[in-house]
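Novice: Please find the sequence and the predicted model below.
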Amino acid sequence: MKADAYTYGLGENSVLVVNRAIVHGLRDAGVLRHDRSPALNPAKGGVDWEGVGKMRDRVEPGADVAVCQASMTLEVMQQLRKVSPGTRIVLQRDSSHCQEWHDLVHAEMDKFGIQYTAYGKDLLDREKAEYDMADRITVLSHWVESTFEKHGLGGKVVHVGPQTFDRSRWPRAAPPSGKVFKVLFAGQTGLRKGLFYLLEAWRRLGLPDAHLYVAGVPEPAPGAENQLAGWVRQQISDTPECSGLGFVALDRMARLYADCHVLCIPSVEEGSTMTALEAMSVGRPVVASTHAGVDVLRHGENGFLVDPGEWEPIADALAWYHGRRDVWEAHAAAAAGSVEGCDVPEFGARYVGRVAQALSLDVR
């Protein structure tokens, strides 16, 4: 088996490490023929989109497998079918099925009265064409797997999770000092990540000796950037004992996780959140929605799973940790042990093995 990779970047950015793991897994298994992934470009928002556009011109015939990144490789896939019809195409999708993503986010827009362009029709059509053309679609969580099953593509899906991350960046930390119970939200602040359900839960709870920290910047909202950013700021300001931290650099995040007791990620749509694994590695329980795609989260053992789009279960979980520090300590210890199999080498090997099995190919 010889594989070519067309992903979206290989770098130290935590969010992109999964793609590095895929390519490293192919390389470590001795099956990587060419890596055609554009390098990261911080000046262009992380991904070198000019490089993405050039990937089509770098397609070569003869690979047994081509691993492509969903939403950006339609032209690559079309060229593969043209010049290398024997190559099996594996599409890597980080988030839910694009139609599910679109519908969930638009429902949040209607609920909160903020309208912007999210997954415009052309992008939806392009990605659906990728799904149709792919031989297999790899996904990182069982929730994402279920969205493809819902849309009739279950037969193509290969679950390769749980998500991966670089554990060396996130060492286990001692419990936070002081008597204040601290909760952290980390990620894009807006509709997709469910922040406003957490803020509502926090306002309703009114916990004594407790503080909520919100780290992150508003999600992309074409045509409504100022409206969404202003609303986020106002919602945080209207929430007692809540601080908006804005952007927090990656090299400061381990300390931030360590300073808090719980990470809360109540996402309405997310393929497989990286922040949950990072916080668990530090030794912090996680309260996450089922749509956050945290396959290693065990309800009542190392955190709590909550239904998306509701504030009540978030409030119940946070109140439980606030009132039962013995439960928090047990979950914190369990959380750190839950991510031991999520390192980059383990993920890469698992990815190669499951793809080879799904396509009935020998890894040699």
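Specialist: Yep, that arrived.
Novice: Would you map the helices across the stretch 1-150 of the chain?
Specialist: 17-28, 49-54, 74-83, 98-112, 121-133, 142-150 (DSSP state H, counting those that start in this stretch).
Novice: Deepest-packed of those, please.
Specialist: Across these, averaging neighbours per residue (mean count of other Cβ atoms under 10 Å) puts helix 17-28 on top, at a mean of 23. Every C-beta, even on glycine, is put in place using the N, C-alpha and C of the backbone.
Novice: on that earlier part again, now mean pLDDT too, for the helices of the stretch 1-150 of the chain, in JSON lines please.
Specialist: Shown next, in JSON lines, are the helices of the stretch 1-150 of the chain (pLDDT from 0 to 100):
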{"stretch": "helix 17-28", "mean pLDDT": "90"}
{"stretch": "helix 49-54", "mean pLDDT": "83"}
{"stretch": "helix 74-83", "mean pLDDT": "96"}
{"stretch": "helix 98-112", "mean pLDDT": "95"}
{"stretch": "helix 121-133", "mean pLDDT": "94"}
{"stretch": "helix 142-150", "mean pLDDT": "97"}
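Novice: Is it possible to get those out as CSV so that each row also shows distance to residue 207?
Specialist: Conversion of those to CSV gives the following (distance: least, Cβ to Cβ, whole Å):
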stretch, distance to residue 207
helix 17-28, 34
helix 49-54, 44
helix 74-83, 49
helix 98-112, 25
helix 121-133, 42
helix 142-150, 29
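Novice: and residue 330, which of those is closest to it?
Specialist: helix 142-150 (24.8 Å; Cβ to Cβ).
Novice: so how far is the next helix or strand along the chain from the closest one from its chain's centroid?
Specialist: Using DSSP states H and E, the helix or strand that follows helix 142-150 in sequence is strand 157-159. Taking Cα atoms, centre = their mean, to the nearest Å, the mean C-alpha location of strand 157-159 is offset from the chain mean by 16 Å.
Novice: what are the pairing partners of the next helix-or-strand element following strand 157-159, and which direction each?
Specialist: Where DSSP H and E defines the elements, the next helix or strand beyond strand 157-159 is strand 181-186. Strand partners for strand 181-186, identified by DSSP bridges, are recorded as strand 210-215 (parallel), strand 262-265 (parallel).
Novice: Take the ones you listed and write them to JSON lines, including mean pLDDT, distance to residue 84 and mean neighbour count.
Specialist: Output for those, formatted as JSON lines (pLDDT from 0 to 100; distance: least, Cβ to Cβ, whole Å; neighbours: other Cβ atoms under 10 Å):
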{"stretch": "strand 210-215", "mean pLDDT": "98", "distance to residue 84": "44", "mean neighbour count": "21"}
{"stretch": "strand 262-265", "mean pLDDT": "98", "distance to residue 84": "40", "mean neighbour count": "28"}
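Novice: right, and those - which one's nearest residue 80?
Specialist: Across the strands paired with strand 181-186, closest to residue 80 is strand 262-265 (Cβ to Cβ), at 35.9 Å.
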